[in-house]
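Asker: sequence first, then the predicted structure:
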Amino acid sequence: MRRCVAAVVLLLAGCAYPAAHPPAPPGAAVTVHINPGNIRRLAGDLPQGYEVTVVSELTTPPTTWGLAARSLAIPGRCAALADPAGGHGQSAQGISGSGAGGIVYAMVVAVPAGPVTLDQSSLALCRQWNMTGGRATARIHLVDAPHVDAAETLGMASEIITWVEGGNEIASRATTFTAYLGDYYAFTTLISDPGAPHPGLTPRFAADLLVKTVSALRS
């Protein structure tokens with residue numbers, strides 16, 4: 001049984017997982033077929049009362065954090081963890097939902113130049129890094145990711161500052177979990193407002209949603 005521990009700094013309490021999961025060992029059953037349209041089924045897994053929207057434009061983890069499509073990562077090689085397709089993703093499909101607990105995304109992105117894989121050599125270098133794009137900057141660190149059969153997974157937590165008119169700042173937090181699925185990658189993101197009056201969804205919700213997302217895509 002997986003051991004639950006306290007959530008890392010900047011995250012709400014949740015159940016922990018190994019930070020990055022390798023693929024299943026040789027001989028394990030691997031499902032290669034992905035049906036991107038099935039991601040719309042996830043609308044039923046969002047909290048009751050959430051307003052759900054279908055997302056069809058190209059969306060990456062950094063854009064869900066509020067960064068511009070082409071953002072600068074420091075160190076530069078860490079950008080591949082935030083966007084596995086390196087800016088070459090196509091045919092993104094997914095849903096977003098908003099409610100009292102925060103904003104949730106579940107997305108799948110096609111990568112014709114794939115397959116996409118998790119750069120294991122970047123994990124040690126990119127335990128913490130920064131990204132800046134448009135009027136927003138994010139401080140990112142790796143967190144525990146959920147296990148998905150026959151797929152590598154990655155977890156990231158971001159503390160985001162967005163500058164608005166008048167020189168004011170808006171602070172938000174994001175938890176993103178990614179699964180590497182050959183010529184596709186899927187991810188879920190939970191955006192929360194640290195000052196919100198209502199209890200937010202936990203990172204565990206976004207982690208479980210990734211597992212459900214991959215299951216739906218493979219079915």
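Answerer: Cool, got the structure.
Asker: give me the element the spatially most central residue of the chain is part of.
Answerer: For the chain, the residue nearest the mean C-alpha position is T176 (2.8 Å; C-alpha atoms, centre = their mean). Element membership for T176 (DSSP states H and E) is strand 169-181.
Asker: before we move on, what about L123?
Answerer: Assigned by DSSP H and E, L123 falls within helix 120-125.
Asker: figure out how far the helix or strand just after that helix is from the centre of its chain.
Answerer: Note on helix 120-125: by DSSP H and E, the next helix or strand toward the C-terminus is strand 128-133. Its chain's C-alpha centre and that of strand 128-133 lie 15 Å apart, by C-alpha atoms, centre = their mean, to the nearest Å.
Asker: what's in contact with strand 128-133?
Answerer: Residues outside strand 128-133 that contact it (C-beta atoms under 8 Å, 6 or more residues apart in numbering): 62, 65, 67-75, 78-79, 82, 137-142. The way it works is simple: take the backbone N, C-alpha and C, and place the C-beta from them, glycine included.
Asker: output the below-cut-off pLDDT ranges for this protein.
Answerer: For the chain, residues meeting the criterion pLDDT under 70 lie at 1-32.
Asker: which residues of it fall in strands?
Answerer: All strands of the chain, identified by DSSP state E, fall at 20-21, 51-55, 72-74, 90-99, 102-110, 128-133, 136-143, 152-163, 169-181, 184-192.
Asker: just those strands: most buried one?
Answerer: Mean neighbour count, computed with mean count of other C-beta atoms under 10 Å, is highest for strand 184-192 among the strands of the chain, reaching a mean of 26.
Asker: could you check the angle that one makes with strand 102-110?
Answerer: 170 degrees (axes from the mean of the first three to the mean of the last three C-alpha atoms, to 10 degrees).
Asker: ok so, going back, could you pull out the buried residues of the helix holding L123?
Answerer: By neighbour count on 16 or more other C-beta atoms under 10 Å, the buried set for helix 120-125 is S122.
Asker: so where's the longest helix in this protein?
Answerer: Secondary structure of the chain per DSSP state H: the longest helix is helix 203-218.
Asker: okay, that one in CSV with CA atoms only?
Answerer: Extracted in CSV, the C-alpha atoms of helix 203-218 (Å, rounded to 0.1, in the frame of the first residue of the first chain):
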residue,chain,number,x,y,z
PRO,A,203,-3.1,18.0,-5.5
ARG,A,204,-4.3,14.4,-4.9
PHE,A,205,-7.4,15.3,-7.0
ALA,A,206,-5.2,16.3,-10.0
ALA,A,207,-3.1,13.2,-9.5
ASP,A,208,-6.1,10.9,-9.5
LEU,A,209,-7.5,12.8,-12.5
LEU,A,210,-4.4,12.0,-14.5
VAL,A,211,-4.8,8.3,-13.9
LYS,A,212,-8.5,8.5,-15.0
THR,A,213,-7.4,10.6,-18.0
VAL,A,214,-5.0,8.0,-19.2
SER,A,215,-7.5,5.2,-18.6
ALA,A,216,-10.1,7.0,-20.7
LEU,A,217,-7.6,7.7,-23.5
ARG,A,218,-6.6,4.1,-23.7
